[in-house]
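[1] give me a model of this one.
(chains A and B, ligands or ions: 2)
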Amino acid sequence: MSLLAEHVLLRHRDVPHIRDINVYTNHGGYDALRKALSDMRPEEVTDVVKAAGLRGRGGAGFPAGVKWSFIPAGVKPVYIVVNADESEPGTFKDREIIEANPHQMIEGIALCAYAVGAQAAYVYGRGEFKGPFVGLQQALDDAYEKGFLGRNILNSDFSFDIYTHLGAGAYICGEETALLESLEGKLGQPRNRPPFPAQVGLYNKPTVVNNVETLTNVPPIVLHGAQWYRQFGTDKSPGTKIFCLSGHVARPGNYELPLGAPLRHLIEECGGGVPGGRALKAILPAGASAPILPGPGWGTGDILDLSLDYESVQAAGSMLGSASFIVMDETVDMVWAASKMAHFFKHESCGKCSPCREGTYWVEDVYHRLRDGSGRPGDVDLLLNIADQMDGNCFCLLGEFSVCPVRSSIQHFRDEYEALVKG
Amino acid sequence: MLSEAEHQELNEILKKYPDKRSAVLPALYIAQRARNYLTDDDIRGVAEALDISVTEVQAIVGFYTLLRKDPTGKYIVQVCTDLPCALRGAEEFYRRLCQRLGLPPQGGTTDDGLFTVEAVVCLAACDKVPLAQINLKYYENLSDDRIDAILDGLRRDSEDA
Ligand SMILES: Cc1cc2nc3c(=O)[nH]c(=O)nc-3n(C[C@H](O)[C@H](O)[C@H](O)COP(=O)(O)O)c2cc1C
Ligand code: FES
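    Ligands and ions are numbered 1, 2, ... in the order given. This is a model prediction of the structure:
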């Protein structure tokens, strides 16, 4: 059973070869750009995106149209930076868009550029996207050739360029200000906010930073309107979302669902359930960067009834974030799982601030001790204590996120920790 | 140092940016292509080409994991063993691979200098486990036999070359 008659974002699953520009244009591709350039003023494009209630899909869920309206008038040039860093463990949706439906993203970037008056966009991909970016560059070349990019797009007086740029292996470069530093050729370390990139962004110019998936939503919104878009999702979380499903399910993969769909549908219908009839022990809804939610036998109530929208996941004690659902069955040692995430954050801490640099190091060290049998009495409280010291004191959210798996795994699975220190 | 052809390639790339400095990662990738790692000479070449200090370029090389200062194998084999992959057997897959290549369990470079094998964090392919990138190219839904065949193929290629 599918909750959508047709995909809005993963359209290649309904229309084969839509990555080919001719197939894309034969199926309504670049009609939204044509419509905007001939019938809409730039601010009308922003308005329809606002009215649709599209929220950022990179993690924070900030309303895209509102962000665009922060771009000050009269300061030129304006830049767009497309965040294709996609490095959160369990996230693999932007890559599928880039590989299989790139023109819808490109058209979305061009619409955003028209709305905010941008002259150029940079698509910043993680270094490991070298292969996918070869295909993306081809798609861009095709779009230039057909007159959808470049000078006087579709014979209008709107001109705009899109460039690609690859990072070189650093999770922190997904954080928007670190990304801008990296794109400027510096160390990928975060900047102070405010000022936000909309005021002072790339090369100190006004800049919109949006995620790949966010921008891919824009063409159908402009083409069909806000009311059409709002038929999907909930009032506060409108639209469809790509859910990345990984771990202990029969069919891991990307699934596009209306926001507000039940978790049960994602795991059982889409993912084919937990294999071997094993019990669902825990779920990470946003990769390593949000609290763990315990399964029915380990928490209160049935997590599978959870509605997958920003508000409900937050009310359940976690965050929807990039919607990277990592599923763990009853065989998983939760101290091990938390230690994997502790390793990730220690490896990826950028070193700029000491609470994160030293905190993530210390946390991993305690996990090592617990795991190799030399856990000491008090180690569990020590972990909580380090988490308290980091909380609110890190320069950016990487450090703040890093304590989520530590705290939430102790909260729900403390007995597994205690078993390692009694020895 | 950058060759004449590489300088030309870099000049094309520079057109994308209002500020030369933005081309530092692309330039380092070009410099790294020949050997899979960067020598002091390479770093100096990039610094000169982009008018950045050598110290700054060195710091950048140290910061990004895909830029390397130490000699590596001809093929860099990165196997993801991050949590989602580990839940689907990637750690065991990695250990067995290291064992078959005669490497310690944490990986390393084979004696013939052909393969540098590393365990890495998420590669944005968690639904196609086990998987690896070899010199940044994806190889997904692997099995022991499949990766052996792929490495054998690369071994033959490099013997022919
Ligand atoms: C540590 C960290 C890593 C992040 N990684 C990504 C990422 O890989 N991709 C992404 O789109 N946003 C990422 N973000 C969020 C960005 O900072 C930013 O909010 C986002 O690109 C804005 O786009 P959106 O409003 O369209 O979501 C990350 C944030 C943090 C704090
Ligand atoms: S965890 Fe291995 S590719 Fe994501």
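
[2] only C-alpha atoms from now on, for both contacts and neighbour counts.
    OK.

[3] and B:Ile76, what are its bridge partners?
    Assessed by DSSP bridges, B:Ile76 has beta-bridge partners B:Thr116.

[4] pretty sure it contacts B:Thr116?
    Yes: using CA atoms under 8 Å, B:Ile76 is in contact with B:Thr116, at 4.8 Å.

[5] would you map out the domains in the chain?
    I went with chain A, as the question did not name one. A:11-229, A:240-329, A:334-421 (automatic domain parsing).

[6] my question was about chain B, not that one.
    B:4-63, B:75-160.

[7] and of the ones you listed, who's closest to A:Phe62?
    domain B:75-160 (23.1 Å; CA to CA).

[8] does the closest one come close to ligand 2?
    Yes: applying CA under 6 Å from any ligand atom, one finds domain B:75-160 touching ligand 2 at B:Cys80, B:Thr81, B:Asp82, B:Leu83, B:Pro84, B:Cys85, B:Cys122, B:Leu123, B:Ala124, B:Ala125, B:Cys126.

[9] distance between the ends of that domain?
    Domain B:75-160 has an end-to-end distance of 15 Å (criterion: CA to CA, to the nearest Å).

[10] including mean pLDDT, could the domains of chain B go into TSV?
    Output for the domains of chain B, formatted as TSV (pLDDT from 0 to 100):
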stretch	mean pLDDT
domain B:4-63	96
domain B:75-160	97
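
[11] out of the ones you listed, which comes closest to ligand 1?
    domain B:75-160 (10.0 Å; CA to the nearest ligand atom).

[12] tell me how far the closest one lies from the chain's centre.
    12 Å (CA atoms, centre = their mean, to the nearest Å).

[13] try stretch A:342-350
    18 Å.

[14] what do you get for stretch A:198-211?
    For stretch A:198-211, the distance to the chain centre is 18 Å (CA atoms, centre = their mean).

[15] which ones are touching A:Val403?
    A:Ala387, A:Met390, A:Asp391 (CA atoms under 8 Å, 6 or more residues apart in numbering or on different chains).

[16] show the pLDDT at it.
    Among the per-residue scores, A:Val403 holds a pLDDT of 96.

[17] doesn't it belong to a helix?
    Yes: per DSSP: H, G, I helix; E, B strand; the rest coil, A:Val403 lies within a helix segment.

[18] distance of it from A:Leu284?
    A:Val403 is 14 Å from A:Leu284, by CA to CA.

[19] equivalent analysis for A:Ser246, please.
    Taking CA to CA, one finds A:Ser246 at 10 Å from A:Leu284.

[20] which of the three states applies to the residue in the stretch 201-350 of chain A positioned nearest to ligand 2?
    Closest residue of the stretch 201-350 of chain A to ligand 2, CA to the nearest ligand atom: A:Ser246 (8.3 Å). Taking three-state DSSP as the rule, one finds A:Ser246 in the strand state.

[21] contact partners for residue 130?
    This is for chain A. A:Leu166, B:Leu136, B:Lys137.

[22] switch to chain B, please.
    So B:Pro130 contacts B:Val79, B:Cys80, B:Cys85, B:Arg88, B:Gly89, B:Ala90, B:Phe93, B:Glu140, B:Asn141, B:Leu142, B:Ser143 (CA under 8 Å, 6+ apart).

[23] which pLDDT value goes with the residue nearest the centre of chain A?
    For chain A, the residue sitting closest to the mean C-alpha position, by CA atoms, centre = their mean, is A:Gly58 at 2.9 Å. Per-residue pLDDT puts A:Gly58 at 96.

[24] which of the contacts of B:Pro130 are buried?
    In these, burial by neighbour count holds for B:Val79, B:Cys80, B:Cys85, B:Arg88, B:Ala90, B:Phe93, B:Glu140, B:Leu142, counting by 16 or more other CA atoms under 10 Å in any protein chain shown.

[25] tell me which of those residues fall in strands.
    B:Val79, B:Cys80 (DSSP state E).

[26] of the contacts of A:Val403, which belong to helices?
    A:Ala387, A:Met390 (DSSP state H).

[27] what comes into contact with the one helix or strand A:Tyr124 maps to?
    Using DSSP states H and E, A:Tyr124 maps to strand A:120-125. Strand A:120-125 has contacts (CA under 8 Å, 6+ apart) with A:78-86, A:109, A:113, A:133, A:160-167, A:179, A:183.

[28] now a PyMOL select for only the buried ones of the residues you listed.
    In PyMOL, a selection of the buried entries from the contacts of strand A:120-125 looks like this (16+ other CA under 10 Å):
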select buried, chain A and resi 78+79+80+81+82+83+84+85+86+109+113+133+160+161+162+164+165+166+167+179+183
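
[29] which of the contacts of strand A:120-125 come close to ligand 1?
    Checking the contacts of strand A:120-125 against ligand 1 (CA under 6 Å from any ligand atom), the matches are A:Asn83, A:Ala84, A:Asp85, A:Glu86.

[30] ok, which stretches of the stretch 151-300 of chain A are strands?
    A:161-166, A:207-211, A:240-247, A:253-258, A:280-288, A:293-294 (DSSP state E, counting those that start in this stretch).

[31] redo the ones you listed as TSV? Include mean pLDDT.
    TSV is the format used below for these (pLDDT from 0 to 100):
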stretch	mean pLDDT
strand A:161-166	98
strand A:207-211	98
strand A:240-247	98
strand A:253-258	98
strand A:280-288	97
strand A:293-294	96
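
[32] quick one, which of those is nearest to A:Thr331?
    strand A:280-288 (8.2 Å).

[33] about what we covered before: shouldn't the residue nearest to the centre of chain A be within a strand?
    No: counting by three-state DSSP, A:Gly58 is not found in a strand; it is coil.

[34] who are the packing partners of the longest helix that chain B contains?
    Criterion DSSP H: the longest helix present in chain B is helix B:144-160. Contact partners of helix B:144-160 among helices and strands, from 3 or more CA pairs under 8 Å, 6 or more residues apart in numbering or on different chains; DSSP states H and E: helix B:90-100.

[35] what angle separates the helix it packs on from helix B:144-160?
    40 degrees (axes from the mean of the first three to the mean of the last three CA atoms, to 10 degrees).

[36] what sits up against helix B:90-100?
    Under CA under 8 Å, 6+ apart, the answer for helix B:90-100 is B:79-81, B:85, B:104-107, B:117, B:119, B:129-131, B:143-144.

[37] switch the cut-off to 10 Å
    B:78-86, B:101-110, B:117-119, B:129-132, B:142-144, B:147-148 (CA atoms under 10 Å, 6 or more residues apart in numbering or on different chains).
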